[in-house]
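I'd like to go over a predicted model; first the sequence, then the structure.
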Amino acid sequence: MSTVLIVGGGLAGAAVAKELAASGKRALIVEASDSLGGKVRDYGCKATDKCSNCGVCLVNGLWDGIEKNPLVDVRLNTKLIDLTGGKERYTAAFRQGGVVSYISGISDVVVATGFKRMSFESGGGSVEVSGAGKDANGSITMGSDIERIMKDRSGTDLFEREPRNVAFIQCFGSRDRKENAMYCSRVCCAYSSRAAKLIKQYYPDCGVTFFYMEMQQVRSGDYFEELKQLGVNFIKCRPIKVAAGDPAAVTFDNPETGAREKLEFDKVVLSDGIRPSDDAARIAEICGLGQTADGFLKYVSGPEDAKRTGIYIAGCVGGPAKIEETYAEGISVARSILF
């Protein structure tokens, strides 16, 4: 029986494998890290007194189901280094540690290598950040760390110390010419606004301020009016500088007065978005794919290429996408292969 090669064991890759195996098709997942799940495995439920529709529930049991499925072969700490042949007859070369191995009889290939996170070290383009460290409970925190904090929260505490005020800096590393990333990452407004509601549930007296360029509508209805009614404040500007400290300081040009101001916060969250993976160009060359102007992968001619070549793109390797969109695309790609 032929096998479908899935490059990347995050949400998209796992969704493809699950759907293929459900129809009796063998799948081989090669994952460069030491575990399945990718970044979404660290994401936390953002429900307050009711479900916030963040999509995290979609992954419940997904990883265990993949690891225990006899039709899915998982190889961790493994990288694809070459691909030869064509649809229904691909041969792939892999490197695991210092060992190179080959597998033939591959019918189709799904590229699902995900995306890159921003970090303190990688910078925020137009926003100068100083004094930030690697401690997720420090005064400056990445949005990805907030996800982990929400996942690990207790019934009574979210942070190690109750904050008096929290700031969210939106579009950190995206919508920014200096970062060569003029696109919207599409996920930051959703996770940060849901996190703000969760903060207000834990700490009703905590002040929450958003520094933003534009806020994306997370769901239908008066979503941002709800946030304002909770006491969330919105300042439409991109800050100039964020400095760690006790408290941290945010320097910005007030859009209403035109004056340069500085506000202090116990915690500042840098809402980082989705960037192309460092491996994108290498994978594109191996698999005969193109890249967008922003560095994400794309089909050379169009999506119709996949049926002809047997090489598919799934998930955020092809551009920013939400959890539910990534999961749905994985299912869709698997069904394209099957039918």
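Sure, I can see it. Numbers count the residues shown, from 1 in each chain.

which residues touch stretch 52-66?
Contact with stretch 52-66 is made by 9, 11, 14-15, 17-18, 29, 36-37, 40-41, 43-47, 51, 72, 74, 190-191, 194, 197, 219, 322-324, 327, as judged by CB atoms under 8 Å, 6 or more residues apart in numbering. For every residue, glycine as well, the C-beta is placed using N, CA and C.

quickly find the element holding E261.
Assigned by DSSP states H and E, E261 belongs to strand 260-265.

and that strand, what does it pack onto?
Counting contacts by 3 or more CB pairs under 8 Å, 6 or more residues apart in numbering; DSSP states H and E, strand 260-265 is packed against strand 165-172, strand 248-253.

comparing those, which comes out most buried?
Comparing these on average neighbours per residue, with mean count of other CB atoms under 10 Å, the densest one is strand 165-172 at a mean of 26.

just want the angle from whatever helix or strand comes next after that one to strand 165-172.
Where DSSP H and E defines the elements, the next helix or strand beyond strand 165-172 is helix 188-202. Using axes from the mean of the first three to the mean of the last three CA atoms, to 10 degrees, the inter-axis angle of helix 188-202 relative to strand 165-172 is 170 degrees.

direction included, what does the next helix or strand along the chain from the strand holding E261 pair against?
Scanning forward in sequence from strand 260-265 by DSSP H and E, the next helix or strand is strand 267-272. Using DSSP bridges, strand 267-272 pairs in its sheet with strand 140-142 (parallel), strand 165-172 (parallel).

most remote residue from the protein's center?
Centroid-distance maximum for the chain: T257 at 35.8 Å, with CA atoms, centre = their mean.

and it, how far is that from F210?
18 Å (CB to CB, to the nearest Å).

thinking again about what came up before, same list, the helices and strands packed on strand 260-265, but as JSON lines with mean pLDDT and distance to S277 please.
Formatted as JSON lines, those follow (pLDDT from 0 to 100; distance: least, CB to CB, whole Å):
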{"stretch": "strand 165-172", "mean pLDDT": "95", "distance to S277": "18"}
{"stretch": "strand 248-253", "mean pLDDT": "97", "distance to S277": "30"}
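
for K262, what are its contacts?
249-252.

check it and give its pLDDT.
With respect to pLDDT, K262 scores 98.

what bridges to it?
Beta bridges link K262 to T251 when assigned by DSSP bridges.

T209 too?
In this entry, T209 is beta-bridged to A167, N233, by DSSP bridges.

what sits against it?
Taking CB under 8 Å, 6+ apart as the criterion, T209 is in contact with 165-168, 232-235, 263, 265.

what does E162 give?
Contact partners of E162, counting by CB under 8 Å, 6+ apart, are 203, 206.

how about it, secondary structure?
Three-state assignment for E162 (DSSP: H, G, I helix; E, B strand; the rest coil): coil.

against C206, how distant is it?
As judged by CB to CB, E162 and C206 stand 7 Å apart.

now do A334
Taking CB to CB, one finds A334 at 43 Å from C206.

who has more neighbours, these two?
Counting neighbours by other CB atoms under 10 Å for A334 and for C206 shows that A334 has the greater number, 27 against 19.

now that one: which helix or strand?
Counting by DSSP H and E, A334 is part of helix 323-338.

report the angle between that helix and helix 188-202.
Put simply, helix 323-338 runs at 130 degrees to helix 188-202, going by the same axes, to 10 degrees.

so I103 touches G85, yeah?
No - using CB atoms under 8 Å, I103 makes no contact with G85, being 11.1 Å away.

more neighbours, the two?
Ranked by neighbour count (other CB under 10 Å), I103 and G85 place I103 first, with 16 against 13.

buried stuff in the host helix or strand of L20?
L20 belongs to helix 11-22 when assigned by DSSP H and E. Residues of helix 11-22 classed as buried by neighbour count (16 or more other CB atoms under 10 Å): 11-21.
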